[in-house]
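1. Take a look and give me a structure for this.
(one chain, ligands or ions: 1)
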Amino acid sequence: MAQKRDAEPDTEHPGAPPSKAAKMTGDADADAAAHSDATGQTPDIAKNPTREDSKTVFPKLSFETIPSSKMSNEETKTSNEETASPEAGAKAQGKAKATDDEQHDANSAKDAASRLEEHTGDLFAAPDNSVLIHACNTQGVWGGGIAKEFRKRYPKAFKEYERHCLSIHHPKRNPVRVGTCLLIGPREVKPGAPKHWIGCLFTSAGHGRKKDPAPMILRHTAPAFEDLLDKLNREPQLMEIRMCQINSVLFEVPWRATREVLKGVLATDAGHRKIHVYSLPAAPQGTIRSFVRKR
Ligand SMILES: Nc1ncnc2c1ncn2[C@@H]1O[C@H](COP(=O)(O)OP(=O)(O)OC[C@H]2O[C@H](OP(=O)(O)O)[C@H](O)[C@@H]2O)[C@@H](O)[C@H]1O
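-> Sure thing, here's the model as predicted:
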């Protein structure tokens with residue numbers, strides 16, 4: 001297993017929970033982003049592959065998995081020497097365990113990558129009992145971007161989100177914790193209204209010009225996503241889990257940075273459900289596309 005270290009506290013939002021993934025793995029991206037330069041720019045993940053990326057390249061085989069007939073003389077000699085004394089035996093076992101752990105980590109990263117599936121298409125064109133996930137502020141506002149579209153399509157769900165932020169919590173006295181999630185069941189009663197669940201990931205306290213800085217949004221994304229996965233575990237009947245490219249436009253966090261954080265969480269998650277990420281097709285050059293396609 002990779003090195004363990006405690007997640008760093010969120011000094012801006014002391015209530016924000018650290019993510020399990022950050023606690024277990026040292027959360028490469030969120031932390032890397034948090035340590036980005038003074039301009040608040042997120043690091044170029046393509047240039048700085050994450051621990052997870054580097055793990056997947058050459059998974060090492062444990063010698064226990066290699067049939068002895070395939071071992072060279074040199075390898076056999078070393079393995080005999082290693083097991084000759086009890087200390088050497090323990091050392092050899094430790095080495096085997098480390099390679100097993102590396103193999104396990106590599107497999108987890110591969111599983112995580114395959115659980116996040118990207119598609120081009122409309123997030124909202126989903127069958128009943130799908131979960132639609134988007135990023136939210138904790139101020140009770142679905143004011144712009146895809147959030148505005150959610151408010152238009154699911155007014156009763158919006159009321160519930162608003163009540164969560166403004167009545168159950170209070171933006172000043174008792175704010176919703178960033179790094180958590182609110183899962184809302186189907187609420188709309190109009191004939192023909194889709195029976196969609198809505199997953200609100202609280203990745204930023206503020207919104208608009210007061211949105212949190214990108215590194216902080218990334219740090220909140222991991223625990224918020226973990227909270228969502230925990231809540232989904234209690235709803236095993238929900239099979240279709242869809243997400244837009246959260247944080248990527250109004251929150252101004254590059255999608256690739258968010259994607260790496262999500263994969264990091266999935267690598268430590270025991271579940272198997274896929275997360276389908278939907279994004280609208282790019283507009284042809286020279287046209288101005290309305291932000292959200294009308295129904
Ligand atoms: N039909 C569709 N199907 C699939 N993908 C679709 C789509 N329509 C749009 N998209 C994409 O969905 C992604 C998210 O982009 P957004 O900018 O909306 O969200 P964000 O997560 O960056 O920011 C959150 C804050 O935005 C709001 O605005 P306010 O602060 O309230 O003003 C909230 O309240 C939060 O606070 C972008 O890739 C869009 O292309």
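
2. In space, what's closest to whatever residue of the stretch 51-200 of the chain ends up closest to the ligand - neighbours in sequence excluded?
-> Nearest to the ligand in the stretch 51-200 of the chain, going by Cβ to the nearest ligand atom, is Gly145, at a distance of 2.3 Å. Where C-beta positions appear, they are placed from N, C-alpha and C, glycine not excepted. Distance criterion Cβ to Cβ, 6 or more residues apart in numbering; nearest residue to Gly145, sequence neighbours excluded, is Leu250 at 4.5 Å.

3. surely Leu250 meets His207?
-> Yes - assessed by Cβ atoms under 8 Å, Leu250 is found in contact with His207 at 7.5 Å.

4. shared neighbours of those two, anything?
-> Gly144 (Cβ atoms under 8 Å, 6 or more residues apart in numbering).

5. ok, these two, which is more surrounded?
-> Neighbours per residue (other Cβ atoms under 10 Å) separate Leu250 from His207, with His207 holding more: 22 against 19.

6. Now do the more buried one against Trp255, distance only.
-> Going from His207 to Trp255 by Cβ to Cβ, to the nearest Å gives 19 Å.

7. sorry, back to before: which residues touch the residue nearest to Gly145?
-> Counting by Cβ under 8 Å, 6+ apart, the residues that Leu250 touches are Gly144, Gly145, Ala147, His207, Gly208, Lys211.

8. Secondary structure element holding it?
-> Here Leu250 sits in a region with no helix or strand, counting by DSSP states H and E.

9. re the thing from before, take the contacts of Leu250 and write them to JSON lines, including secondary structure.
-> Formatted as JSON lines, the contacts of Leu250 follow (DSSP: H, G, I helix; E, B strand; the rest coil):
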{"residue": "Gly144", "secondary structure": "coil"}
{"residue": "Gly145", "secondary structure": "helix"}
{"residue": "Ala147", "secondary structure": "helix"}
{"residue": "His207", "secondary structure": "coil"}
{"residue": "Gly208", "secondary structure": "helix"}
{"residue": "Lys211", "secondary structure": "coil"}
